[in-house]
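[1] Sharing a model that was predicted from the sequence below.
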Amino acid sequence: MEKHIQIFLTKISYLSIAVSTLILIFIFCFQPPPQTCINPNSNPNQKSHPLSTCHVSPRPITTVDHKNHRLWSTNTWRKSVSSFTSLFINLQTLTNISNHTHSLIMSAGGGQAVMAMHQIGVVDVTGVEVIDSPPLVSRADPHNLPFFDSVFGLGFSVELDQALFPDRYVSEMERTVSVGGVIVVCVQVCGDDEVNDVLKLFRKSEFLGARNVTVMASKMTMIVVKRI
């Protein structure tokens with residue numbers, strides 16, 4: 001009796017396999033091909049929101065040069081560069097900055113200050129930021145600069161207020177600027193007491209002067225010190 005049951009179950013298994021095979025053959029051979037992502041009856045001039053990833057057309061690849069050209073041609077960029085240019089021209093008359101001064105721009109953003117330096121004739125300019133913006137700005141941590149000691153003749157920043165560790169930030173500027181070099185920082189416009197608080201961060205420099213300036217449409221106080 002058990003032998004007959006086993007034979008019966010075996011026949012059912014073979015039958016199930018055969019039916020499954022026929023179903024798979026039917027699906028692959030007789031199922032119509034899937035519709036494409038583009039509806040042939042749709043109006044090509046009619047714009048609509050994509051319903052799925054199939055409806056999303058690929059975006060053209062934008063080169064760095066093309067991206068920079070669009071950015072640098074905006075009025076906002078030009079005005080920012082112009083404000084830095086005026087500032088650096090005044091610095092040239094106040095200090096011994098020349099066209100051959102190796103200059104460091106800390107927290108350089110998109111590179112407006114770097115471009116302004118180039119426009120007034122300073123050729124050796126290094127701009128650093130936590131996110132690089134080629135070709136003007138390279139990536140580097142302003143709290144841990146990847147430069148040897150005393151390699152720059154000028155250190156400049158308008159972002160000291162935003163530094164996570166202002167003491168370390170200033171220390172790196174003093175470390176990388178050579179003796180006799182100039183360090184310039186612009187902070188939120190302030191009075192004598194606040195200027196003195198900023199000067200306490202500079203342990204290897206002497207105070208040269210401070211004045212109120214306008215940078216990127218913002219009122220700021222520029223503090224100039226000399227590395228000793």
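    Sure, I can see it. Residues are numbered from 1 along each chain as shown.
[2] Now do the phi/psi pair for the most centrally placed residue in the chain.
    Using C-alpha atoms, centre = their mean, the residue of the chain that lies closest to the mean C-alpha position is Ile131, 3.5 Å off. Phi and psi for Ile131, reported as degrees, to the nearest 10, are phi -120, psi 130.
[3] Run a quick neighbour tally on the closest residue to it other than its chain neighbours.
    Leaving out its chain neighbours, the residue that sits closest to Ile131 by C-beta to C-beta, 6 or more residues apart in numbering is Arg139, at 6.4 Å. Placement of C-beta: from N, CA and C, glycine included. Close neighbours of Arg139, defined as other C-beta atoms under 10 Å, add up to 12.
[4] for Arg139, what are its contacts?
    Remark: with contacts taken as C-beta atoms under 8 Å, 6 or more residues apart in numbering, Arg139 is in contact with Val128, Glu129, Val130, Ile131, Asp132.
[5] Keep only those of the residues you listed that are in strands.
    Secondary structure assignment by DSSP state E places Val128, Glu129 of the contacts of Arg139 in strands.
[6] List only buried entries from the contacts of Arg139.
    Neighbour counting with 16 or more other C-beta atoms under 10 Å marks Val128, Glu129 as buried within the contacts of Arg139.
[7] next structured bit after the helix or strand hosting Ser178?
    Here Ser178, judged by DSSP states H and E, is contained in strand 177-188. Using DSSP H and E, the helix or strand that directly follows strand 177-188 along the chain is helix 192-199.
[8] Which residues does the following helix or strand past that next one contact?
    Using DSSP H and E, the helix or strand that follows helix 192-199 towards the C-terminus is strand 205-215. Under the criterion C-beta under 8 Å, 6+ apart, residues 83-84, 87, 90, 94-95, 158, 174, 182-183, 186, 189, 195, 199, 219-228 lie in contact with strand 205-215.
[9] Now the buried members of those residues.
    83-84, 87, 95, 158, 174, 182-183, 186, 199, 220-227.
[10] Next up, the contacts around Ser133.
    Going by C-beta under 8 Å, 6+ apart, Ser133 touches Ala108, Gly109, Gly110, Gly111.
[11] Equivalent analysis for Ile105, please.
    By C-beta under 8 Å, 6+ apart, Ile105 lies in contact with Ala113, Val114, Met117, Val125, Thr126, Gly127, Val128, Val137, Phe156, Ser157.
[12] now do Ala140
    Contacts for Ala140 were tallied using C-beta under 8 Å, 6+ apart; they are Val128, Glu129, Val130, Pro146.
[13] how does it look with 6 Å?
    With contact taken as C-beta atoms under 6 Å, 6 or more residues apart in numbering, Ala140 is in contact with Val128, Pro146.
[14] Count the residues that sit near His66.
    The number of residues packed near His66 is 11, by other C-beta under 10 Å.
[15] which SS class is the nearest residue to Phe165 once chain neighbours are set aside?
    In space, and not counting its chain neighbours, Phe165 is closest to His143: 5.6 Å by C-beta to C-beta, 6+ apart. Taken by DSSP: H, G, I helix; E, B strand; the rest coil, the conformation at His143 corresponds to coil.
[16] how near is His143 to Glu159?
    Counting by C-beta to C-beta, to the nearest Å, the separation of His143 from Glu159 is 12 Å.
[17] ditto for Arg168
    Distance of Arg168 to Glu159, given as C-beta to C-beta: 14 Å.
[18] Tell me what angle the strand holding Ser178 forms with strand 205-215.
    40 degrees (axes from the mean of the first three to the mean of the last three C-alpha atoms, to 10 degrees).
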